[in-house]
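**Student:** Sharing a sequence plus its predicted fold:
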Amino acid sequence: KMQKAWWKEAVFYQIYPRSFKDSNGDGIGDLQGIISKLDYIKELGIDAIWLSPIYDSPNDDNGYDIRDYNKIMTEFGTMEDFEELVIEVHKRDMKLIMDLVVNHTSDEHEWYQKAVKEPESKYRDYYIFQDKPNNWTSFFSGSAWNYVEERQQYALHLFSKKQMDLNWENENLRQEIHEMVKTWLEKGVDGFRLDVINYISKRNGLPDGSEDIGRLMGYYGAEHYFYGPRLHEYLREMNEKVFRPYNAFSVGETPGTGLEMSKLLTADYRYELDMVFSFDHLETPGHTRFDEYQYDLGYLKSYMIYWMENYGNHCQPSLFYENHDNPRMISKINADPQYRIVLGKLLAVIQLTLRGTPFIYQGQELGMVNQDFHTIEELRDVESLNLYNKLCKTMGKKEAFAKILAGTRDHARTPMQWNNQQYAGFSDGEPWIRMDEDYKYCNVESQLQDEDSILHFYQELLAFRKEHSVIYYGEVCFTNKKEKDLFIYYRKDETETLCIEINLGSYNKKRKKCPQGVRLLSNYAELSPVFLRPYEASIWKQG
Ligand code: ISL
Ligand code: CA
């Protein structure tokens, strides 16, 4: 028997504020823009919103480099705007969670400035300084160490040169973080998504990373911090002091932890995190985000079966394909435009009928696809720009750009497509990042008018979930596990049984038989008793 919780019944919607809706024509999305679109989100059927960072930041990594945790980024608005947002979200009976980035801060954060300039102050150990660098590399290319003239030492940054890793070994620092989190909970936010939270504990002495692992992964040192010795302790401490007293929800972003470690981080009797995001399903094994290849849906099937069968009732899976760090899922699977609509709906069926909490990324509900970028000048993301410069040292510019184009995070960061007017109704001014012509055909306004749109399908499915609690707490059982391109599973409880029947291939697949009962929802209007058509996905109700 599973324990009930609001977040096990909720569907989350991730907003990337910079690109969601601009209210004042400066080309940058903002809080008032979000407030103006809350009715849209509510009508979609969403229960909770996750906001990517909105704190004061010099925007080296679009807000994931925080300068002041207690201030709102000027481009996004004011603290009053934020308080209004909390009220407006709650008024509509939705929840709001914030992004909590506490593995690192901006180098412009007061703590870092003082650590460097006042080496006798209490801030001296808030960051990770060493006399000599080790061989760890940054996720955004090059060494993970900056030389700091003032201290004649090196400081660690696992991400950009302006994102300095905090030293969680320091108890004062941990306390300051706890107090900071409490001030946001006092403002009424319902929880947090914790950025790379599994990286906060680094192995004592910071030993060099293994050459073999480094070569294999493409970055050095991760085995010394992706699941560090004090991780569980830090999480339990934060849970006990901060999350539990406020009944706050937590979902950790935890790249690389896999199923067994994820269980240890999220089991309900361990009081660490409520859920985690695992990323192993976002690329087919043997590929990285920057390879150009076709994603294999057969792998998604095997991954989902593995998690659903082994994660257990004490842990709640998260279900997602997209976020602000990844190209669009439809483009990865099959970029042929004739399949865009059926494929967008197939993805919705899987995400919204398996056991777990779905997270929909802005634009996913429209079936947004990768952008048609042409030159490196059109890109904004620090990861892409750094990697491009690095690649250009060993290959031609064209080849380097092709790799960037396959994986750039900017595919997911172009403005939300609201209508077919200039700048897609996102802004009256030129957006901070280029967008292609796709908004002329794919946008909220036109999809709201079209009953067969992906957006309508999401609305129907989200309403359907609310009528069928078997999706929240029922069992999942798979059949035909070995059969290529066929994905069939049942959701069962005392009250009903649903059968989900999917063709993962882009061809007509001969049916052996039809499921029993009635077909309630499908991405094909007419039932064919002979074939499952390309990417056909249907929900049947039995008995
Ligand atoms: O670990 C990785 C290398 O494959 C990356 O996936 C990385 O862990 C992931 O991108 C972390 O993302 C989060 O933290 C970053 C920020 O740039 C991302 O936007 C955020 O989602 C640093 O704060
Ligand atoms: Ca603005």
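**Tutor:** That came in fine, so what should we check first? Ligands and ions are numbered 1, 2, ... in the order given.

**Student:** Quick one: residues contacting the residue nearest to E496 when sequence neighbours are not counted.
**Tutor:** Nearest residue to E496, sequence neighbours excluded (Cβ to Cβ, 6 or more residues apart in numbering): V470, at 5.4 Å. Using the backbone N, CA and C atoms, a C-beta is placed for each residue, glycine as well. Counting by Cβ atoms under 8 Å, 6 or more residues apart in numbering, V470 touches R491, K492, D493, T495, E496, T497, L498.

**Student:** One more pass at 7 Å, please.
**Tutor:** Neighbouring residues of V470 by Cβ atoms under 7 Å, 6 or more residues apart in numbering: R491, K492, D493, T495, E496, L498.

**Student:** try R413
**Tutor:** Counted by Cβ under 7 Å, 6+ apart, R413 has contacts Y16, S19, H324, I433.

**Student:** And it, its phi and psi?
**Tutor:** Torsion angles at R413 (phi, psi; degrees, to the nearest 10) stand at phi -110, psi 10.

**Student:** do the same with F531
**Tutor:** Dihedral angles (degrees, to the nearest 10) for F531: phi -120, psi 150.

**Student:** From Y154, how far off is it?
**Tutor:** 62 Å (Cβ to Cβ, to the nearest Å).

**Student:** Those residues of the protein touching ligand 2, which are they?
**Tutor:** D22, N24, D26, I28, D30 (Cβ under 5 Å from the ion).

**Student:** and K95, how many neighbours?
**Tutor:** For K95, the neighbour count with other Cβ atoms under 10 Å is 19.

**Student:** pretty sure it is touching V189, no?
**Tutor:** No - checked against Cβ atoms under 7 Å, the pair K95 and V189 is beyond contact range at 8.5 Å.

**Student:** Just the buried residues out of the contacts of R413, in PyMOL syntax.
**Tutor:** Buried subset of the contacts of R413, written as a PyMOL selection, criterion 16 or more other Cβ atoms under 10 Å:
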select buried, resi 16+19+324+433
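
**Student:** tell me, which of the contacts of R413 make contact with ligand 1?
**Tutor:** H324 (Cβ under 6 Å from any ligand atom).

**Student:** ok, the closest residue to P207 other than its chain neighbours to L273 distance?
**Tutor:** Excluding its sequence neighbours, the residue lying closest to P207 (Cβ to Cβ, 6+ apart) is H224, at 6.1 Å. Distance of H224 to L273, computed by Cβ to Cβ: 21 Å.

**Student:** more crowded one of those two?
**Tutor:** L273 (25 against 22).

**Student:** For the more buried one, list the residues it contacts.
**Tutor:** L235, S250, V251, G252, L265, T266.

**Student:** Relative to ligand 2, which of the residues you listed is nearest.
**Tutor:** Nearest to ligand 2, judged by Cβ to the ion, of these is V251 at 27.6 Å.

**Student:** residues near the residue of the stretch 51-200 of the chain found nearest ligand 2, how many?
**Tutor:** Going by Cβ to the ion, ligand 2 is nearest to E75 of the stretch 51-200 of the chain, at 6.2 Å. Other residues near E75 come to 21 when the count uses other Cβ under 10 Å.

**Student:** what's near enough to touch it?
**Tutor:** I28, D30.

**Student:** before we move on, what SS does it have?
**Tutor:** Per DSSP: H, G, I helix; E, B strand; the rest coil, the secondary structure class of E75 is helix.

**Student:** Let's see the PyMOL selection covering just the buried ones among the residues of the chain next to ligand 2.
**Tutor:** Restricted to buried positions by 16+ other Cβ under 10 Å, the PyMOL selection for these reads:
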select buried, resi 22+28+30
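
**Student:** now, which of the residues of the chain next to ligand 2 sits nearest R203?
**Tutor:** Of all the residues of the chain next to ligand 2, R203 sits closest to I28, with 39.6 Å by Cβ to Cβ.

**Student:** Next up, the contacts around the closest residue to ligand 1 within the stretch 301-450 of the chain.
**Tutor:** Among the residues of the stretch 301-450 of the chain, D325 lies nearest to ligand 1; the distance is 4.6 Å by Cβ to the nearest ligand atom. D325 makes contacts with R409, as judged by Cβ under 7 Å, 6+ apart.

**Student:** tell me the SS of it?
**Tutor:** Three-state call for D325 (three-state DSSP): coil.

**Student:** R193 now?
**Tutor:** R193 falls in the strand class when you classify it by three-state DSSP.

**Student:** Pull the contacting residues for it.
**Tutor:** R193 touches W50, I97, D99, L100, V251, E253, counting by Cβ under 7 Å, 6+ apart.

**Student:** Pretty sure L520 sits against S538.
**Tutor:** No - checked against Cβ under 7 Å, the pair L520 and S538 is beyond contact range at 8.0 Å.

**Student:** ok, the spatially most central residue of the chain to Y311 distance?
**Tutor:** A centroid search over the chain (Cα atoms, centre = their mean) returns N323, at 3.7 Å, as the residue closest to the centre. According to Cβ to Cβ, N323 and Y311 sit 20 Å apart.

**Student:** repeat for H178
**Tutor:** With distances taken as Cβ to Cβ, H178 is found 29 Å from Y311.

**Student:** what do you get for S506?
**Tutor:** S506 is 30 Å from Y311, by Cβ to Cβ.

**Student:** and what of I35?
**Tutor:** From I35 to Y311 the distance is 36 Å (Cβ to Cβ).

**Student:** picking that back up, more neighbours: which of F531 and Y154?
**Tutor:** Neighbours were counted for F531 and for Y154 using other Cβ under 10 Å; Y154 has more, 19 against 14.

**Student:** thinking that one is in contact with P133, fair?
**Tutor:** Yes - counting by Cβ under 7 Å, Y154 does reach P133; the two are 4.5 Å apart.

**Student:** what do these two both touch?
**Tutor:** W145.

**Student:** buried set for stretch 362-378?
**Tutor:** Across stretch 362-378, burial judged by 16+ other Cβ under 10 Å covers 362-371, 373, 376, 378.

**Student:** Same question for stretch 304-323.
**Tutor:** 304-305, 307-308, 311, 315-323.

**Student:** swap in stretch 92-104?
**Tutor:** M94, K95, L96, I97, M98, D99, L100, V101, V102, N103, H104.

**Student:** average pLDDT across that stretch?
**Tutor:** Per-residue pLDDT over stretch 92-104 has a mean of 98.

**Student:** What of stretch 198-206?
**Tutor:** Stretch 198-206 comes out at a mean pLDDT of 98.

**Student:** distance of the residue lying closest to S453 once chain neighbours are set aside from N313?
**Tutor:** Excluding its sequence neighbours, the residue lying closest to S453 (Cβ to Cβ, 6+ apart) is Q447, at 3.6 Å. As judged by Cβ to Cβ, Q447 and N313 stand 37 Å apart.

**Student:** Likewise for E83?
**Tutor:** 38 Å.

**Student:** swap in I454?
**Tutor:** In terms of Cβ to Cβ, I454 sits 32 Å off from N313.

**Student:** go on, Y321?
**Tutor:** 24 Å.
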